[in-house]
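Colleague: With the input below, show me the fold.
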Amino acid sequence: MKALTWQGKRSVSVEEVPDPVIQEPTDAIVRITSTAICGSDLHLYEVLGPYMHKGDVIGHEPMGIVEEVGSAVTNLRPGDRVVIPFNISCGHCYFCSQGLQSQCETTQVKDKGSGAALFGYSELYGSVPGGQAEYLCVPHADYGPIKVGTELPDERYLFLSDILPTAWQAVEYANVPPGGTLAVFGLGPVGQFAGRIGVQRGYRVVGVDPVPERRDMAARHGVETFDYTKTIADELRDMTSGRGPDAVVDAVGMEAHGSPVAGFAHQALGLLPDKLAQKAMETAGVDRLAALHTSINAVRRGGTVSLSGVYGGQASPMPMLTMFDKQIQLRMGQCNVRNWTDHLLPLVEDDADPLGVMDLVTHRSGLEGAPALYEKFQKKEDGCIKVVLKPGT
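Modeller: Numbers count the residues shown, from 1 in each chain. The predicted model follows:
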């Protein structure tokens, strides 16, 4: 089959790789009909290369048609249409029973000290082949896949794989009071959905991003938008009686603008041998923290900062005095996808499309166009906000 493979820093290519096969009784083989490029895929493209291997199949936002199931899979049959959550969870361990599927004890990558295994996301998360491919082997298919209807287009359902539940969890964790103000830093795909979810819940939502096309998209859905400037925290306080927003969602993560020292660290990591680079990431502060530090600065006293953006450094400096003095709450973590999908499925199937899932994709292509679109997405060119790939077309 054809699949998108990692070849090196800022280098991905479509290659012929072996077709996946059933290995465990709880596996299923899914023919991929749509798969998206995620903002966190760009971390593999740019920063997390030390944990990647040449030829790794990437991607973790797929959906498609079940082709084959293992002997222990009774909830699915060939022909079913399914969305595949990006994290792989068993559904029956202690953490899954607590709604913490991203910490699944059955699939935890214990030798790396990581939580549940993820599709297509480096040896940190199990080196499981990903979904930017024509076919995907899905472990724990007796629990993970989300069975969906056959009438609506893929894009109604596709974002249940990651970015929509990730945004939902981010807003849940933000703990915004009724009628309160939510600021969203970063208006990429997760930030777009976080803003829309906040509006749908009746909050005043302010979105911050340096890219005009992203601000324009958010504004279409009732979000007040601002450019990211050095004075943005003051601007947010000025519009909230001098206090700051009740909660801030940081949907940016480790590659924020305005962090030149960490940007240099990212470049330096790329010059080190993999083992040395891994050691540096595990012991040093290599995150670009501009968005996170600004979130902490902007949020009101007693407010909440909810992190959905991915951070990867183990020793990134934090303003502890400010955080303690302001009595800030922090919530964060990989999304527990299956904990939220029952809430979200009726919303994506609603004829009114209240979360605007049909107004997110800006670029579509077959697999062969993926390398160029990775570069375009990473550089934020041509208004690129969300890319969907159609394997087999």
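Colleague: Now do the strands in the stretch 151-300 of the chain.
Modeller: Counting by DSSP state E, counting those that start in this stretch, the stretch 151-300 of the chain has these strands, from start to end: 181-185, 204-208, 224-226, 247-250.
Colleague: mind listing what the first one pairs with, with the direction of each?
Modeller: On the basis of DSSP bridges, the sheet neighbours of strand 181-185 come out as strand 204-208 (parallel), strand 247-250 (parallel).
Colleague: and Phe324, that's in a helix?
Modeller: Yes - in this structure, Phe324 lies within a helix as judged by DSSP: H, G, I helix; E, B strand; the rest coil.
Colleague: switch to numbering from 746
Modeller: In the new numbering, first residue 746, that becomes Phe1069.
Colleague: any idea how far it is from Val916?
Modeller: Phe1069 sits 25 Å away from Val916 when distances are taken as C-beta to C-beta, to the nearest Å. The C-beta positions use only the backbone N, C-alpha and C, and glycine is treated the same way.
Colleague: Of these two, which one has the most company?
Modeller: When Phe1069 and Val916 are compared for neighbours, Val916 comes out ahead with 25 against 9, by other C-beta atoms under 10 Å.
Colleague: what residues are up against Phe1076?
Modeller: Not quite, residue 1076 is Arg, not Phe. For Arg1076, the contacting residues are 918-920, 1049-1052, taking C-beta atoms under 8 Å, 6 or more residues apart in numbering as the criterion.
Colleague: Please identify the buried residues of the helix or strand encompassing it?
Modeller: Taking DSSP states H and E as the criterion, Arg1076 maps to strand 1074-1077. Within strand 1074-1077, the residues that qualify as buried by neighbour count (16 or more other C-beta atoms under 10 Å) are 1074, 1076-1077.
Colleague: repeat for stretch 815-825
Modeller: Neighbour counts using 16+ other C-beta under 10 Å place 815, 818, 821, 825 of stretch 815-825 among the buried residues.
Colleague: and the strands of the stretch 896-1045 of the chain as JSON lines, adding distance to Ile942 and mean neighbour count?
Modeller: What follows is those, written out as JSON lines (distance: least, C-beta to C-beta, whole Å; neighbours: other C-beta atoms under 10 Å):
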{"stretch": "strand 926-930", "distance to Ile942": "9", "mean neighbour count": "29"}
{"stretch": "strand 949-953", "distance to Ile942": "9", "mean neighbour count": "26"}
{"stretch": "strand 969-971", "distance to Ile942": "15", "mean neighbour count": "18"}
{"stretch": "strand 992-995", "distance to Ile942": "10", "mean neighbour count": "30"}
